[in-house]
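**Q** sequence first, then the predicted structure:
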Amino acid sequence: MSQALNIPMLNIAIKAARAAGSIINRASLDLDSVRVSEKSAHDFVTEVDQAAEAAIIETLLTAYPGHGILAEESGEEHGAKDSNYRWIIDPLDGTTNFIHGLPVYCTSIALSVDGIITQAVVYDPTRNDLFVASKGRGAYLNDRRMRVSKRLYLNQALIGTGFPFRRGDAFKDYMHVLESLMQDCAGLRRPGAAALDLCYVAAGYYDGFFETGLSPWDMAAGSLIITEAGGLVGNFTGEEPYLYEKEIVAGTPRIYGQLVQRLSPISQVARRHALLSGQKADAVDAVRAGDASSGLTPLDALTDAVGGASGDATSAPRRTLSATPRPESSDERPHRVTKSDHVPTVSVKPAAPRRDSRDSRDSRDSRGGPGRAPYGDRPPRRDGEGPRFGGQGGDRPPRRDGEGGAPRYGSSGGGYSGGPGAGRGPGGPGGSRDSRDSRNGPSRGGPSSDRPPRRGPRQG
């Protein structure tokens, strides 16, 4: 086998499957001498099933004596009962085919660890085909990696199935689905060995498979082989729990979804859930109605109703509460709080006044500069503040001591001017082309006689 799956537990399972295959092959040479008994209607068991199962259990428990066993013929009789490791065994899947000499049967072995299938072996002794898988490491057929097919549409798909044969099975619903699929798919096949059918989906021989009435040992190994080959497995509703739900659908990702659409209306899982939900809803309605004839408190009545709807016989016994009779008169019953009894009060916080952006634009357009009020809106001048800048003549501030009587820059015998020509000298921000073209040089406001005396020789 592949070196990628050189796992001790898987190797022990392969050894056990080959030992069972040897017993089956020897018995197939003389089918007339095989003793056959009937477990139930149309469900047969032979001495070959029992001998093959005994060989498998002996091989597994010799290597792992602390593991548990769940086998088709002996159940949980062998192995540890409380182990997290459980081997799920079908020694001969396709017993009816084997009895009639039809070479379509196999041996199926799977290992469940904490309820999750981690190792799987399916051995076909008639063709010596060994299908193996290990969780997270892929699926292989005779040392060759397997992948599901790439078909996308149902009209191109070959579908495998199994026919219901037990009393109480939904024959009419099943035949309705078969009638629909026969007209829409490329072909429908029913070989009669579910574990081998699942492996054929993983190998790409089938594009999908579905069947009802199966047991965990029929599905355990094949389901892991399919998922490791890239396929999907679930119950008829498309959900994951399937191992103990007695129904399974598998296939490529695209075909799987199309099969679920056809099979979900006849899913027994969905019907059980709907029935349980309906029973619980009826129980809640009965409690709300206040059935006085029961003589139980609402908690007791609801617990009894829900417990009866679930039908779980293995659940722990419920602690009995003291029964308190309900008041018969409606006036004596406590008032039931409703939504109308509570009127929430909402406090509305007044919104902050909105600032009008037009006020700031108007103030920017005023004479007083950006963000400032016009001249007429300014506060009165404080005592001793003196005249403000920007006035005319007498509004200028007084001269400092020693400043002299020379006229100020940028003025022509009057106050400070903010127009062209007022600046800080040549190249200043207040200069203009007109002032540069004048006789007095750039940024000079008055005639040459009004200039201050030059402090040094002229440069240049």
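**A** Thanks, I have the structure now.

**Q** following element in sequence after the helix or strand I159 falls within, please.
**A** Element membership of I159, judged by DSSP states H and E, is strand 158-161. Per DSSP H and E, the first helix or strand lying C-terminal to strand 158-161 is helix 171-184.

**Q** distance of Q119 relative to L92?
**A** Using CB to CB, to the nearest Å, Q119 is found at 20 Å from L92. Any C-beta I mention is one placed from the backbone N, CA and C, and that applies to glycine too.

**Q** what's the answer for G231, then?
**A** 25 Å.

**Q** with R137 instead?
**A** Using CB to CB, R137 is found at 27 Å from L92.

**Q** those two: which is more packed in?
**A** L92 (28 against 17; other CB atoms under 10 Å).

**Q** might one say that the more buried one is in contact with T46?
**A** Yes - with contact defined as CB atoms under 8 Å, L92 reaches T46; the gap is 7.5 Å.

**Q** need the residues touching each of these two.
**A** Here L92 and T46 have F98 as joint contacts, going by CB atoms under 8 Å, 6 or more residues apart in numbering.

**Q** so is L111 in a helix, a strand, or just coil?
**A** Put simply, L111 is strand when judged by DSSP: H, G, I helix; E, B strand; the rest coil.

**Q** pLDDT weak spots in this protein?
**A** Scanning the chain for pLDDT under 70 picks out 1-4, 40-43, 166, 168, 270-460.

**Q** where along it do the strands fall?
**A** Ranges of strands in the chain, per DSSP state E, are 36-40, 43-46, 68-71, 85-93, 106-113, 116-124, 129-134, 139-141, 144-145, 158-161, 187-189, 208-212, 232-234, 247-251.

**Q** alpha carbons of the fourth one, as CSV, please.
**A** Listed next in CSV are the C-alpha coordinates belonging to strand 85-93 (Å, rounded to 0.1, in the frame of the first residue of the first chain):
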residue,chain,number,x,y,z
TYR,A,85,-11.9,3.6,20.3
ARG,A,86,-14.5,1.5,18.6
TRP,A,87,-14.1,-0.8,15.6
ILE,A,88,-17.3,-0.9,13.4
ILE,A,89,-17.3,-4.2,11.4
ASP,A,90,-19.4,-5.7,8.6
PRO,A,91,-17.7,-9.1,7.8
LEU,A,92,-19.7,-9.7,4.7
ASP,A,93,-21.7,-6.9,3.1
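
**Q** what's the angle from that strand to strand 106-113?
**A** If you take axes from the mean of the first three to the mean of the last three CA atoms, to 10 degrees, strand 85-93 sits at 170 degrees to strand 106-113.

**Q** partners of strand 85-93, with directions?
**A** Sheet pairing for strand 85-93, assigned by DSSP bridges, gives strand 68-71 (parallel), strand 106-113 (antiparallel).

**Q** dump these into JSON lines; add distance to E53 as well.
**A** Formatted as JSON lines, the strands paired with strand 85-93 follow (distance: least, CB to CB, whole Å):
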{"stretch": "strand 68-71", "distance to E53": "5"}
{"stretch": "strand 106-113", "distance to E53": "9"}
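
**Q** of these, which is nearest R254?
**A** R254 sits nearest to strand 106-113 of all these, at 26.5 Å, using CB to CB.

**Q** buried sites along the closest one?
**A** For strand 106-113, the neighbour count (16 or more other CB atoms under 10 Å) marks C106, T107, S108, I109, A110, L111, S112 as buried.

**Q** stretch 165-175 too?
**A** Neighbour count says stretch 165-175 has A170, D173, Y174 buried, by 16+ other CB under 10 Å.

**Q** I'd like those laid out as a markdown table, including distance to K246.
**A** A markdown table is the format used below for the buried residues of stretch 165-175 (distance: CB to CB, whole Å):
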| residue | distance to K246 |
| --- | --- |
| A170 | 12 |
| D173 | 14 |
| Y174 | 13 |
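
**Q** looking at these, which is nearest T252?
**A** The closest of the buried residues of stretch 165-175 to T252 turns out to be Y174 (CB to CB; 22.5 Å).
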